[in-house]
Structures are given as C-alpha cells and as structure tokens.
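**Q** predicted structure and sequence below. I'll ask about it afterward.
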Amino acid sequence: NAGVTQTPKFQVLKTGQSMTLQCAQDMNHNSMYWYRQDPGMGLRLIYYSASEGTTDKGEVPNGYNVSRLNKREFSLRLESAAPSQTSVYFCASSPLAEGYNEQFFGPGTRLTVL
Amino acid sequence: GNSVTQMEGPVTLSEEAFLTINCTYTATGYPSLFWYVQYPGEGLQLLLKATKADDKGSNKGFEATYRKETTSFHLEKGSVQVSDSAVYFCALPASDSWGKLQFGAGTQVVVTP
C-alpha cells in the first residue's frame, strides 16, 4: 500500500496563478483532510471531508476550495495564489470508525508563491 | 473546546540521554490521545496512542501514559538516538467533531552524537 500520496512535491507560483494540489489514499478511509504548516503556527486545518460527497471548512479556509472526487481522492485548489499561501500542505486520511480516528499523513507539498 | 499544551522546544539532548516531552490536555470526557512525529522533510506519522484513562501507549521505545488525574500524556524515551531528532506533536480529537484532531504546537527535539 502506498498510503497517502500527494502531488506535486514542490511548486513555485506567481501571485494570481491558480493550481490544484492532488491527494489520494489507498486505505479505503472515509475521511480526508487538508492542513497547512507554517513556522511557529503548527498545523492548521483548511478543509476536511468526513465522507465521500461531503466537505466542511476548517480553521483557515479562505482562498481555498476543495473537491472530494471519490472515496480515494481529495483535491485542494488555490484559485488566485497569494504570498500568504506560501506553506507546506499536508493531506491526511482517517478511517473515522468508532474508536479509530487517528489520521495518516502524506509527505506534503511545499508551495512558494512569489 | 478541547486543546493540548506541550512544552516549547527546541530540546537538545546527547545520544543515550532520557527524553521527556510534556503534554497536558483540556477535554470533555476522556477522548483518545495521540503522539505524532515529523522527521525532517516528511509528513507526520502516528507514534503512539492511548484510547482510555490509565492506558499506556508505546512504540519504538517511546511511551506515554494517559493520566486523567493530572490531565497529562507525557512522552518519554529512556535512551535517545540521533535518529530520534524530529518534531513531536501531541493531539486529541476536537470538541466539535471527533473526526478532527487538535494538535499541539509541536516540540523540536535535537539529539547530538
């Protein structure tokens, strides 16, 4: 099993450009999450999807959109990138079954917006 | 709402030293507690967990005991190696949804030879 995979691993954008970060999991998990990690800020939840067909805002959703394409895939879109979105982005998934709610993380996408 | 507070880093240790990272929590009820580890340039990995009070989670020589009396879940390892250099995060389910996790700020550990 590959676990949680993310593409791309690195990306440089200019202000105003758009891009989509891809995430896929092969563990048949119900829930998926997008986080950003910034120095001194820890992990902050952007959006999550508790199950296929549902998405909800997290702590810092402004400037982002998400799509839960199917049970495996959860993408994050930046419509008009801003320098404040320079960060490391992590996707995670969880089985979200009773008593089993730990999350499994991908390797991250390192995004720089110039 | 549920929250965790963990000691600030960086924590710098020599190889074979004893490591403790303090984590205290505020929560409604007795939710599961987690420790995650992030090695340089990688994503977070689940290190260990405890699902109820007095449980001890353990993995890779690390241990943490869920103590409801002191609302703590301190991470310990008896003899650290250089390869244990990483950032460690304490976490618990968010109060508004057990499907979301609330992470601490992370504690960087640096182990020198």
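**A** Perfect, I can see it now. Numbering: from 1, shown residues only, chains lettered A, B, ... in the order given.
**Q** only C-alpha atoms from now on, for both contacts and neighbour counts.
**A** Will do.
**Q** wait, does stretch B:75-89 contact chain A?
**A** No: judged by C-alpha under 8 Å from any C-alpha of the partner chain, stretch B:75-89 stays clear of chain A, getting no closer than 8.9 Å.
**Q** give me the buried positions along that stretch.
**A** Residues of stretch B:75-89 classed as buried by neighbour count (16 or more other C-alpha atoms under 10 Å in any protein chain shown): B:Leu75, B:Glu76, B:Lys77, B:Val80, B:Gln81, B:Asp84, B:Ser85, B:Ala86, B:Val87, B:Tyr88, B:Phe89.
**Q** hang on, A:Arg77 in a strand?
**A** Yes: A:Arg77 sits within a strand when classified using DSSP: H, G, I helix; E, B strand; the rest coil.
**Q** follow-up on the earlier one: could you dump the buried residues of stretch B:75-89 to JSON lines with distance to B:Trp35 and secondary structure?
**A** Compiled in JSON lines, the buried residues of stretch B:75-89 are given as follows (distance: C-alpha to C-alpha, whole Å; DSSP: H, G, I helix; E, B strand; the rest coil):
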{"residue": "B:Leu75", "distance to B:Trp35": "8", "secondary structure": "strand"}
{"residue": "B:Glu76", "distance to B:Trp35": "11", "secondary structure": "strand"}
{"residue": "B:Lys77", "distance to B:Trp35": "13", "secondary structure": "strand"}
{"residue": "B:Val80", "distance to B:Trp35": "16", "secondary structure": "coil"}
{"residue": "B:Gln81", "distance to B:Trp35": "18", "secondary structure": "coil"}
{"residue": "B:Asp84", "distance to B:Trp35": "14", "secondary structure": "helix"}
{"residue": "B:Ser85", "distance to B:Trp35": "15", "secondary structure": "coil"}
{"residue": "B:Ala86", "distance to B:Trp35": "12", "secondary structure": "strand"}
{"residue": "B:Val87", "distance to B:Trp35": "10", "secondary structure": "strand"}
{"residue": "B:Tyr88", "distance to B:Trp35": "7", "secondary structure": "strand"}
{"residue": "B:Phe89", "distance to B:Trp35": "6", "secondary structure": "strand"}
